[in-house]
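In: What shape does this take:
(2 chains)
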Amino acid sequence: MAVNYSAKEEADGHPSGGVGVPGGAAVGGGGAGKTRKPDNTAFKQQRLPAWQPILTAGTVLPAFFIIGLIFIPIGIGIFVTSNNIREYEIDYTGTDPSSPCFKCLNVSWDSTPPCTCTINFTLEHSFESNVFMYYGLSNFYQNHRRYVKSRDDSQLNGDNSSLLNPSKECEPYRTNEDKPIAPCGAIANSMFNDTLELYRIDNDTRIPITLIKKGIAWWTDKNVKFRNPTGDGNNLTALFQGTTKPVNWPKPVYMLDSEPDNNGFINEDFIVWMRTAALPTFRKLYRLIERKDNMQPTLQAGKYSLDIAYNYPVHSFDGRKRMILSTISWMGGKNPFLGIAYITVGSICFFLGVVLLIIHHKYGNRNTSADIPN
Amino acid sequence: CAGEENWVDSRTIYVGHREPPPGTEAYIPQRFPDNRIVSSKYTFWNFIPKNLFEQFRRIANFYFLIIFLVQLIIDTPTSPVTSGLPLLFVITVTAIKQGYEDWLRHKADNAMNQCPVHFIQHGKLVRKQSRKLRVGDIVMVKEDETFPCDLIFLSSSRGDGTCFVTTASLDGESSHKTYYAVQDTKAFHNEQEIDALHATIECEQPQPDLYKFVGRINVYHDRNEPTARPLGSENLLLRGATLKNTEKIFGVAIYTGMETKMALNYQAKSQKRSAVEKSMNAFLIVYLCILISKALINTVLKYVWQSEPFRDEPWYNQKTEPERKRNLFLRAFTDFLAFMVLFNYIIPVSMYVTVEMQKFLGSYFLTWDEEMFDEDTGEGPLVNTSDLNEELGQIEYVFTDKTGTLTENNMEFVECCIEGHVYVPHVICNGQIIHDCTGIDMIDSSPGGSGKEREELFFRALCLCHTVQVKDDDSVDGLKKSQLSRRSCIYISSSPDEVALVEGIQRLGYTYLRLKDNFMEILNRENNLEKFELLEVLSFDSVRRRMSVIVKSSTGDIFLFCKGADSSIFPRVKEGKIDQVRSRVERNAVEGLRTLCVAYKKLTTEEYNKAQKLLQNAKLALQDREKKLAEVYEKIERDFILLGATAVEDRLQEKAADTIEALQKAGIKVWVLTGDKMETAAATCYACKLFRRNTQILELTTKKIEEQSLHDVLFDLSKTVLRHNGSLTRDTFSGLSTDMQDYGLIIDGAALSLIMKPRQDGSSGNYRELFLEICRNCSAVLCCRMAPLQKAQIVKLIKLSKEHPITLAIGDGANDVSMILEAHVGIGIIGKEGRQAARNSDYAIPKFKHLKKMLLVHGHFYYVRISELVQYFFYKNVCFIFPQFLYQFFCGFSQQTLYDTAYLTLYNISFTSLPILLFGLMEQHVSADTLKREPSLYR
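Out: Residues are numbered from 1 along each chain as shown, chains lettered A, B, ... in the order given. So this is what the prediction gives:
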């Protein structure tokens, strides 16, 4: 790009420091007052250094080629990285009559015992590094405004007065039978409650795979935003005294988990759910599968089976439920778009460069004086 | 009843609050305001409500207030803070700016209202604050003090009852003006005497015109009938003027406080709005439509989408009971409002503030420009309003005055012609110009005996017929000095022509010394002192275009000398060598000289007495004094004997031709509007390259219209122009338009008024359209013999023509004010003819040549900057809000916001308004030098 540096030196006879007039004339001028002559500074005279790209064939063509040559390799690199990420997705909604979960399709919240189903699947490739296990929902409007605001953040932060008197925003999930709901609101009420278990089938024996349920929430959420109510002792049951469970929940909030640092409001499954998704089709982290030793992949290729305790009804709103297994790379999860975008832009630039080069080569000599002189 | 009417039109003032002797007239108590000047808009108490009210009258602010209120009332996606905060910011910034300005005004008011004033109470001098002054108080003002209110001048320390005043702060004229004390009171020199004065003053109610005043003073001597004296503007000392060269004066306050002429003149002018601002408002309307349609679309789609119950109320997201019960239409309307709130950021809240800041700060670059600073006068450009900056970059028509704008207004006496004999004040010998006061070069044959007499009469006429003052540097031996060295005296006058004439005559041997006790003293060629008693001055005005004096020579003869424009003198002449003089005048006019004709008549005593009586009556009239005076002048000034003519050169301003050429290259049409003669004006136009040698001149003058009918002339002209135009388009197609013929049109005031006059049958537009059509095809137009109002008429005609071009008017004198106010952009030249033009203009520049940089560089920059600024504002808000609109499709049209609240708030007021403000101040897409070199870039 041609850079036109038009900073002007004070070459036009005015000394650069010559500001105004000597003080004597200004003070002693009987009645004339001080002169209004403006200062000769670069700023006031609009002569600050400046540059401006001038688009000519000599600058535009190399620019196109350079952009093309830089973007295409970057795009390829990103695309390959994204392709190396292993991802496996199962839809277990059971809309298809042949699906093992078809029987659970019209399940309700309070069916006891829960409807369970098992889906078998085969991983073609092994998953080398740590595997993240997600559940995915479709057509679920977690971003609906009425839904998004239906929560009480101060209650979730452990504020005792909000605990017993939740915000109005939680309506109609604020109270139940004259008792305040903890946690209140539509989001908490509709918390995802399917239980997923993963088994590797090795010669017809089901070997359970360890699923880690901690470390799936944001650190700030877990430690700052969400806190259990404070009070005497650590007995959550006592602390949540006077509140009632959300209508759809089978158990109260203080019985979500056995471990005290993953119970109550700071239960990580709960925290993950409370962070609402931006789009109606979303996935949320469910569990972590850590690589045990360096010799073996986390999940080797082979047969697996997924046990589902099917509690969460989605059929009424035409929704879908999925289970996703995925590894990650330095650039996050599987995302072929970025690489493709880079490659496309790079290719277009390169192509335009070639076209312009041909045009320039053929017709370029006709009119070279059209540039605005600067 | 008549009495009441009288009360409305005029006021009666009792000097020193003494009631008139009983039985004279019914005592009508009148209440006058005190002498407090209030230029501030707000008081401490009403600032907040009044300022808020004024701000919310602005449509954008009101819109955001409505949005804010909607947010408060209904359940909306964003909290009221997100739109309340930017609004508060904008309102606060504006309020602080206006409050600060008002505080400055308060301070100035206070300083003015509290400055001490001396006035007389019971024969003693008392000091009081200015604001306590009341109508009827007798005030004493010392030298170099400003007058605290409008005063009737009673007496001064000078024996002749005059005082000198400069009105620099009123109209910018720094010359000393002479004011005259009332005849009957000028003898009172101390406090006791003045306190004994028993008089009433009747005068008109306050008017804003600085130069007009009519009144009457009745002085009561003992028990006699009162003596009435006329009062005119020469007796009225205006607030804001400064007393000079006079030790002290006494005066009686007649207008105080907000009723003084100065205060009446400070009323705000009507606001001019720039084209960009207008288009900005149009954009806002378009955006409002976009906003409403977006909200409508979303509302409709929402209800279509929600028609399936599992979408409206899935099990995980139930409505509350009241929500369910709400009326469907009410719900839809609330949803519509909520969408409006959601998308309201598409209207840029901070645009007005940013644009205003850009204009205000940007205008400093104009005043800081060193190239536009004039070293001679020490003046730089002034920006009176920064609202019109960008208009400077879109000018299509420039209307310029000639005298003082294109020309220097630095007059030099060139020659005089007495009955056809030409006299030049300096002898040219061997190519050298020798200034010799006695040398007279006679081109024609020496005049005979009667010629000699006429010649002397001519010189005396020029010496006497003027309103020039002699500035006495040292009042004691001023006379001596000027006697010793003739050239030492300095002449001061409001008209530079007069000074040039008096100085020129001095070089021809006749020196005007001074006016003393109504006697004008002149020194003739033989160094003898001649005294003429000045009886009357029939002062100059632009309608009559002439002035006269009536003097009585030492021998007792009464002469009336008159000088004025040829057109106003020739019809009144009954004898004299008219033809020779006329041909000489026309020749001089072609050379671009300003000519004046001089004539005289001898009055008998009876004639004079009659005239004097008429004048006195007219001067005493309280109503329509101007009209009556004009009638009387008309009666007196007739049957002249022509003496001769003078020629004064007015040089072109430096680089005037260069500037005009550049403007024409920039595609700007330059029109010259002048009150001068056609020949003079045309010569100036040739000199400044407005007309070139190959320009074909089309004339639309009274003379031509006399020959043919106006209809025929107009059609002929339009045919000529349009034929050329047809060939021009062909030429441009074949690329041969280089040597195109250009046309110049000359039109005079009388012809113009014929064109502008609506015809009987009502089809008035016809001629105007034709005229406009002709003008549009002429590269230059010269309008001569224009009255000030006609200038404004022309500007208005072009302004309202169907292309709505942006017009600029530039001028320096009071006669240009009307056109400066009429044009889109008015530019005043800070010139010699006072500052009236500069005061009424939007921008003032020291010289005509500065117009080039002002338009080509600054105007261009301002226009590019502001248009990018405004476009960016709309662009960025579309960019900001469109994703929001799209997101509604993914969140079930539930008005969920895509952005965080803080981001929504700050996006408009800081993230995207500060960077562009900097850009809008600094951007130079082409360097200033290139713009100056290539005027065609302006198009």
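In: So what does the residue of the stretch 101-250 of chain A at minimum distance from chain B look like in phi/psi?
Out: With C-beta to the nearest C-beta as the measure, residue A:190 is the residue of the stretch 101-250 of chain A nearest to chain B, at 3.4 Å. From N, CA and C alone the C-beta is placed, and that goes for glycine too. Main-chain torsions, residue A:190, degrees, to the nearest 10: phi -100, psi 30.
In: Same question for residue A:132.
Out: Dihedral angles phi and psi of residue A:132 (degrees, to the nearest 10) take the values phi -110, psi 130.
In: Make sure it is actually in contact with residue A:329.
Out: No. Under the criterion of C-beta atoms under 8 Å, residue A:132 is not in contact with residue A:329, lying 11.8 Å apart.
In: Between those two, which is the more surrounded one?
Out: Residue environment comparison for residue A:132 versus residue A:329 gives the larger neighbour count to residue A:132, 20 against 14, counting by other C-beta atoms under 10 Å in any protein chain shown.
In: quick one on the thing from earlier: ok, the residue nearest to the residue of the stretch 101-250 of chain A closest to chain B when sequence neighbours are not counted - how many residues close by?
Out: Here the nearest residue to residue A:190 in space, its sequence neighbours aside, is residue B:316; by C-beta to C-beta, 6 or more residues apart in numbering or on different chains that works out to 3.4 Å. Look at residue B:316: counted by other C-beta under 10 Å, it has 24 neighbours.
In: Give me the three-state assignment for residue B:316.
Out: coil (DSSP: H, G, I helix; E, B strand; the rest coil).
In: Can you give me the distance of the residue of the stretch 101-250 of chain A closest to chain B to residue B:870?
Out: Using C-beta to C-beta, to the nearest Å, residue A:190 is found at 47 Å from residue B:870.
In: so what's residue B:478 scoring on pLDDT?
Out: On pLDDT, residue B:478 comes in at 39.
In: same deal with residue B:212?
Out: Turning to residue B:212, the model gives it a pLDDT of 75.
In: Just give the number of residues close to the residue nearest to it when sequence neighbours are not counted.
Out: Counting by C-beta to C-beta, 6+ apart, residue B:233 is the residue found nearest to residue B:212 once chain neighbours are left out, at 6.1 Å. Using other C-beta under 10 Å, residue B:233 has 15 neighbouring residues.
In: any idea how far residue B:233 is from residue B:286?
Out: Counting by C-beta to C-beta, the separation of residue B:233 from residue B:286 is 54 Å.
In: thinking again about what came up before, and the residue nearest to residue B:212, how close does it get to chain A?
Out: Distance of residue B:233 to chain A, given as C-beta to the nearest C-beta, to the nearest Å: 27 Å.
In: That residue and residue B:180, how far apart?
Out: Noted for residue B:233: a distance of 10 Å to residue B:180, by C-beta to C-beta.
In: Same question for residue B:77.
Out: For residue B:77, the distance to residue B:180 - C-beta to C-beta - is 76 Å.
In: OK, contacts around residue B:546?
Out: Under the criterion of C-beta atoms under 8 Å, 6 or more residues apart in numbering or on different chains, the neighbours of residue B:546 are B:540, B:562, B:563, B:564, B:565, B:568, B:569, B:637.
In: Spatially, what comes nearest to it if we skip its sequence neighbours?
Out: Closest residue to residue B:546 in three dimensions, ignoring its sequence neighbours and counting by C-beta to C-beta, 6+ apart: residue B:564, at 2.3 Å.
In: same deal with residue B:837?
Out: For residue B:837, the nearest residue in space outside its immediate sequence neighbours is residue B:828; the separation is 3.7 Å by C-beta to C-beta, 6+ apart.
In: now for the host helix or strand of that neighbour, which elements pack on it?
Out: For residue B:828, the host element (DSSP states H and E) is strand B:825-829. Packing partners of strand B:825-829 (3 or more C-beta pairs under 8 Å, 6 or more residues apart in numbering or on different chains; DSSP states H and E): strand B:807-811, helix B:817-822, helix B:836-840, strand B:843-845.
In: Quick one: closest of those to residue B:862.
Out: strand B:843-845 (11.3 Å; C-beta to C-beta).
In: Can you give the distance of the next helix-or-strand element following the closest one from its chain's centre?
Out: Following strand B:843-845 in sequence order, the next helix or strand is helix B:850-853 (DSSP H and E). The chain centroid and the centroid of helix B:850-853 are separated by 20 Å, computed with C-alpha atoms, centre = their mean, to the nearest Å.
In: Helix B:850-853 near chain A at all?
Out: No. Judged by C-beta under 8 Å from any C-beta of the partner chain, helix B:850-853 makes no contact with chain A; its nearest approach is 11.3 Å.
In: I'd like to check what contacts that helix. Which residues are they?
Out: By C-beta under 8 Å, 6+ apart, helix B:850-853 touches B:369, B:371-372, B:374, B:381, B:398, B:655, B:658-659, B:662-663, B:810, B:827, B:845, B:932.
In: Check the burial of the nearest residue to residue B:87 once chain neighbours are set aside by counting its neighbours.
Out: Among residues not flanking residue B:87 along the chain, residue B:64 sits closest, at 4.6 Å (C-beta to C-beta, 6+ apart). Counted with other C-beta under 10 Å, residues neighbouring residue B:64 total 21.
In: is it true that residue B:64 touches residue B:85?
Out: No. Taking contacts as C-beta under 8 Å, residue B:64 lies outside contact range of residue B:85: 10.7 Å.
In: Residue A:134 - that's part of a strand, no?
Out: Yes. Secondary structure assignment (three-state DSSP) places residue A:134 inside a strand.
In: thought residue A:199 was touching residue A:211?
Out: No. Judged on C-beta under 8 Å, residue A:199 makes no contact with residue A:211 at a distance of 10.8 Å.
In: if I pick residue B:345, what's in contact with it?
Out: Shown here is residue B:345, whose contacts under the criterion C-beta under 8 Å, 6+ apart are B:83, B:877, B:880, B:881, B:884, B:904, B:907, B:908.
In: what's the closest of the residues you listed to chain A?
Out: Among those, residue B:884 lies closest to chain A (C-beta to the nearest C-beta), at 12.7 Å.
In: Do you know the pLDDT at the closest one?
Out: At residue B:884 the predicted local distance difference test score is 91.
In: and the gap between it and residue B:899?
Out: Relative to residue B:899, and taking C-beta to C-beta, residue B:884 is found at 7 Å.
In: Which one's more surrounded, these two?
Out: residue B:884 (20 against 17).
In: okay, now the closest residue to that one other than its chain neighbours: neighbour count?
Out: Using C-beta to C-beta, 6+ apart and skipping the chain neighbours, the partner closest in space to residue B:884 is residue B:898 (5.0 Å). Using other C-beta under 10 Å, residue B:898 has 19 neighbouring residues.
In: circling back: relative to residue A:289, which of the helices and strands packed on strand B:825-829 is closest?
Out: Put simply, out of the helices and strands packed on strand B:825-829 the one that sits nearest residue A:289 is strand B:843-845, at 75.7 Å, with distance taken as C-beta to C-beta.
In: Just give me the neighbour total for residue 161.
Out: All of this is about chain A. Taking other C-beta under 10 Å as the criterion, the count of residues near residue A:161 is 9.
In: The intended chain is chain B.
Out: Applying the criterion other C-beta under 10 Å, we find 19 residues in the vicinity of residue B:161.
In: Now do the same contact list for it.
Out: By C-beta under 8 Å, 6+ apart, the contact list for residue B:161 reads B:155, B:180, B:181, B:183, B:186.
In: I'd like to know how far the residue nearest to residue B:837 sits from residue B:400.
Out: From residue B:828 to residue B:400 the distance is 12 Å (C-beta to C-beta).
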